[in-house]
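# just to be clear, the model below is a prediction. Sequence and coordinates:
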Amino acid sequence: MTDIAARAREWWDAGLPFVRATVVSTWGAAPLPVGSVMLVGPGMEVIGGVSGGCVEGDVLEVARELLASGGSRLLRYGVSDDDARAVGLSCGGDIEVAVERVEPDSGAAPPAREEALPRLVIAGSNEVSVALASLGGPLGRQVTVCDARGAFLQPARFPEEAELVVDWPHRYLAAEEAAGRLDGRTAVAVLTHDEKFDIPVLALALRLRQRGRLGYVGLMASRRTLLDRRARLAEEGISAVTIGLLRSPIGLAIGARGPGEIAISIAAEIIAESRSA
């Protein structure tokens, strides 16, 4: 959504009309949720989508008409599962799409500036951290990777948009909380796999999770290591109820192997947690 909001604002500030298509209703196995947006720019540039490829071509033709004539349209599409499979699409169900020409000089309010993205804070730098950081864009999250060992935070290893912080993870997390930059949407993945890093950041993160200041806390650990971490957290005065908020072994149980698959399982668990909140 970041690119969509930025481009809409760019066209608005330049005084250029564009078309915005928004999913307003869905029925059945619609591929994208209500609120999904597709923009068509003055040069027919397309950003975003409303169906994952099923109806974008038709929406583009409607957008071409509206760019020329103005106005708005409400479109309804029905794609059966059989029809979708026949043309190689994963779509099924019905969707309604509101398509409108946006006029920067119409006196209407400009596009709202985008709300800050939910965050993903990764404690510890390793190959799983690199793979998980690369999923920040698809997850719609701003990624921070924090490790006290600066040698492990080589920028060339990580996506350009990821923030890299050399600090002890618990100190960084405490500073972010004090600055008001954490909320119930924030996810923390502890991948340090080292007791001296794990315990301080887990103790703080779980307390914040209990207070609703974090939405997810996961720990990468073997089952034996997890038993050790739980015992040490109890020694730190963390209650059993609070320790129970920890997701570990981290990630959904999909039989993941290797950094890439483990990162996908973590991302899936973060999504599941956010949907159940």
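Yes, it's here.
# what ranges do the helices span in the stretch 51-200 of the chain?
Assigned helices in the stretch 51-200 of the chain, in chain order: 56-69, 81-86, 127-133, 136-139, 169-178, 195-210 (criterion: DSSP state H, counting those that start in this stretch).
# compute the inter-axis angle for the fifth one and helix 195-210.
Angle between the axes of helix 169-178 and helix 195-210 is 30 degrees (criterion: axes from the mean of the first three to the mean of the last three Cα atoms, to 10 degrees).
# alpha carbons of helix 169-178, as PDB, please.
Listed in PDB are the C-alpha atoms of helix 169-178, where the atom choice follows Å, rounded to 0.1, in the frame of the first residue of the first chain:
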ATOM      1  CA  PRO A 169      17.700  -5.800  21.100                       C
ATOM      2  CA  HIS A 170      16.200  -5.300  24.600                       C
ATOM      3  CA  ARG A 171      17.700  -1.800  24.800                       C
ATOM      4  CA  TYR A 172      16.400  -0.900  21.300                       C
ATOM      5  CA  LEU A 173      12.900  -2.200  22.100                       C
ATOM      6  CA  ALA A 174      12.800  -0.200  25.300                       C
ATOM      7  CA  ALA A 175      13.800   2.900  23.500                       C
ATOM      8  CA  GLU A 176      11.100   2.400  20.800                       C
ATOM      9  CA  GLU A 177       8.500   1.800  23.500                       C
ATOM     10  CA  ALA A 178       9.500   5.000  25.300                       C
END
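# outside of that helix, which residues touch it?
Residues outside helix 169-178 that contact it (Cβ atoms under 8 Å, 6 or more residues apart in numbering): 121, 123-124, 144, 146-148, 165, 182, 188, 190, 192, 197, 200-201, 203-205, 208, 213. Backbone N, C-alpha and C define where each C-beta goes, glycine included.
# kindly recompute the last result at 10 Å.
The contact list for helix 169-178 (Cβ atoms under 10 Å, 6 or more residues apart in numbering) reads 119, 121-124, 144-148, 165-168, 181-183, 186, 188, 190-192, 197-205, 207-208, 211, 213-214.
# mind giving me the PyMOL select for the residues you listed, buried ones only?
For selection in PyMOL, the members of the contacts of helix 169-178 meeting the burial criterion (16 or more other Cβ atoms under 10 Å) are listed in this command:
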select buried, resi 119+121+122+123+124+144+145+146+147+148+165+168+182+186+188+190+191+192+197+198+199+200+201+202+203+204+205+207+208+213+214
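# test my guess that Glu261 contacts Ala131.
Yes - shown here, Glu261 and Ala131 form a contact pair, counting by Cβ atoms under 10 Å, at 8.6 Å.
# okay, these two: which has more neighbours?
Here Glu261 and Ala131 are set side by side on neighbour count (other Cβ atoms under 10 Å), and the busier one is Ala131, at 18 against 15.
# helix or strand for the residue nearest to the more buried one when sequence neighbours are not counted, just tell me which one.
In space, Ala131 comes closest to Ala263 once its chain neighbours are excluded; the distance is 3.6 Å by Cβ to Cβ, 6 or more residues apart in numbering. Taking DSSP states H and E as the definition, one finds Ala263 inside helix 258-276.
# quick one: contacts for Ser36?
Under the criterion of Cβ under 10 Å, 6+ apart, the contact list for Ser36 reads 1, 4, 21-24, 26, 30, 48-52, 95, 97.
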